[in-house]
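Visitor: could you look at this predicted model? Sequence included:
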Amino acid sequence: MEPQKPSPGPRQPEGCLVVAIRVPVRIVVLVLVAPVRVVWDAVVVGGRFLLDTLLRPLGRALAWVAGGLWRYVLVPVGGALGWLGRALVVVPAGWLHRSVLTPLGHGLALLGRYLFVVPARWLYARVLAPVATAAGLAAYGVLRVLFVLPAFALWRWVLAPVGRVLAVVAREAGEALSHAWRVAGRISRAVGRALGTLARWILVEPVRWVYRSLLAPVGRLVRDAVLRPAARAVRGALAGARDTVRQVRADVRRALFGEPRQPVAVDRREPQGPAARTLGSSTTALTKD
């Protein structure tokens with residue numbers, strides 16, 4: 001479980017100076033900030049529209065082009081240049097550093113230590129350090145008397161009270177700016193809603209009424225009285241035209257090729273076998289020629 005946040009303590013009573021500064025500052029800031037907030041909201045809406053319709057597709061295209069350029073051009077060229085630089089610069093420089101500069105540097109360091117470092121260290125320890133310490137103490141005393149003490153007095157008796165007053169003014173100005181920004185936002189939203197309602201009553205509702213009261217009934221009347229009968233008439237005319245075309249085509253075929261041949265009826269019954277022997281016949285099926 002999250003530890004509970006300590007509740008804020010009771011607000012300290014405010015003096016008359018704070019109250020006298022707060023009210024006029026808030027009024028002035030509200031008057032100045034309200035147009036800025038309205039313009040800001042309009043700029044934000046336009047910026048979002050521009051971002052969604054232009055900048056994001058353009059950014060995706062540029063990213064695709066940059067990715068292809070990096071992958072297919074810069075990386076191969078960089079690899080080739082790196083290999084070439086290593087072969088021409090790094091390997092010879094490493095050999096020069098190991099074989100020439102390192103031994104030469106060790107030799108120069110051992111000559112420079114005895115020629116410069118040891119004498120300079122002795123000079124600093126025996127001469128410069130005592131002189132610098134004395135000079136530093138003297139300079140500190142002079143600077144303390146001339147600058148530190150007057151600056152401390154100026155801070156304590158002048159700058160600190162003025163700073164407290166300015167802090168109160170700045171805090172109240174910041175609170176007034178925040179309050180005015182919120183109020184200006186409410187005003188901007190109210191103006192936007194009013195403009196939307198006005199546009200609705202001026203444009204949307206008349207158009208809807210015209211469509212619902214005039215255009216829709218007229219459209220239904222035209223559909224029922226004109227379009228549907230016309231469609232039925234057109235369908236009937238097309239059907240008659242198809243029948244006429246079919247009849248003309250049949251007449252042309254008869255004129256060119258004659259009447260079509262009628263199929264001949266074929267008796268598909270099985271032939272009857274020889275008559276069976278009866279009681280009155282003297283022959284049978286086996287002895288009959």
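Guide: Perfect, thanks for sending it. Numbering: from 1, shown residues only.
Visitor: check which residues of the helix or strand of the chain with the lowest mean pLDDT are buried.
Guide: The weakest-scoring helix or strand in the chain, judged by mean pLDDT, DSSP states H and E, is helix 102-112 (a mean of 74). By 16 or more other Cβ atoms under 10 Å, helix 102-112 has no buried positions at all. From N, CA and C alone the C-beta is placed, and that goes for glycine too.
Visitor: tell me which stretches of the chain form helices.
Guide: Along the chain, counting by DSSP state H, helices occupy 16-50, 56-69, 75-85, 91-96, 102-112, 118-123, 129-143, 149-154, 160-199, 205-210, 216-222, 228-257.
Visitor: where among the ones you listed is average confidence lowest?
Guide: Mean pLDDT across the helices of the chain is lowest at helix 102-112; the value there is a mean of 74.
Visitor: chain center to that helix, what's the gap?
Guide: 61 Å (Cα atoms, centre = their mean, to the nearest Å).
Visitor: tabulate the CA atom coordinates of it in CSV.
Guide: Output in CSV follows, covering the C-alpha atoms of helix 102-112 (Å, rounded to 0.1, in the frame of the first residue of the first chain):
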residue,chain,number,x,y,z
THR,A,102,57.0,6.0,-26.6
PRO,A,103,60.7,5.6,-26.2
LEU,A,104,61.3,9.3,-27.1
GLY,A,105,58.7,10.4,-24.6
HIS,A,106,60.2,8.3,-21.8
GLY,A,107,63.6,9.9,-22.5
LEU,A,108,62.2,13.4,-22.6
ALA,A,109,60.3,12.9,-19.4
LEU,A,110,63.4,11.7,-17.5
LEU,A,111,65.5,14.8,-18.8
GLY,A,112,62.5,17.2,-18.1
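Visitor: helices and strands around it, which ones?
Guide: Helix 102-112 is packed against no helix or strand, with contacts defined by 3 or more Cβ pairs under 8 Å, 6 or more residues apart in numbering; DSSP states H and E.
Visitor: surely residue 33 and residue 178 touch.
Guide: No: with contacts counted by Cβ atoms under 8 Å, residue 33 stays clear of residue 178, the gap being 9.7 Å.
Visitor: look at the two and report which has more neighbours.
Guide: residue 33 (22 against 13; other Cβ atoms under 10 Å).
Visitor: enumerate every residue touching the more buried one.
Guide: By Cβ atoms under 8 Å, 6 or more residues apart in numbering, residue 33 lies in contact with 177, 180, 181, 184.
Visitor: please name the nearest non-neighbouring residue to it.
Guide: residue 180 (4.2 Å; Cβ to Cβ, 6 or more residues apart in numbering).
Visitor: contact partners for residue 27?
Guide: By Cβ under 8 Å, 6+ apart, residue 27 has no neighbours at all.
Visitor: against residue 192, how distant is it?
Guide: 24 Å (Cβ to Cβ, to the nearest Å).
Visitor: check residue 170 too.
Guide: 32 Å.
Visitor: which one of those two has more residues nearby?
Guide: A direct count of neighbours by other Cβ under 10 Å for residue 170 and residue 192 places residue 192 higher, at 14 against 11.
Visitor: and the contacts of residue 33 as a markdown table, adding distance to residue 218 and neighbour count?
Guide: What follows is the contacts of residue 33, written out as a markdown table (distance: Cβ to Cβ, whole Å; neighbours: other Cβ atoms under 10 Å):
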| residue | distance to residue 218 | neighbour count |
| --- | --- | --- |
| 177 | 58 | 16 |
| 180 | 54 | 23 |
| 181 | 52 | 16 |
| 184 | 48 | 22 |
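Visitor: tell me the one of the residues you listed nearest residue 96?
Guide: Nearest to residue 96 among the contacts of residue 33, counting by Cβ to Cβ, is residue 177 at 64.8 Å.
Visitor: check contacts around the closest one.
Guide: If you count contacts by Cβ under 8 Å, 6+ apart, residue 177 has them with 29, 33.
Visitor: and residue 188, how many neighbours does it have?
Guide: Under the neighbour criterion other Cβ under 10 Å, residue 188 is assigned a count of 18.
Visitor: distance check, it against residue 29.
Guide: From residue 188 across to residue 29, the span is 16 Å (Cβ to Cβ).
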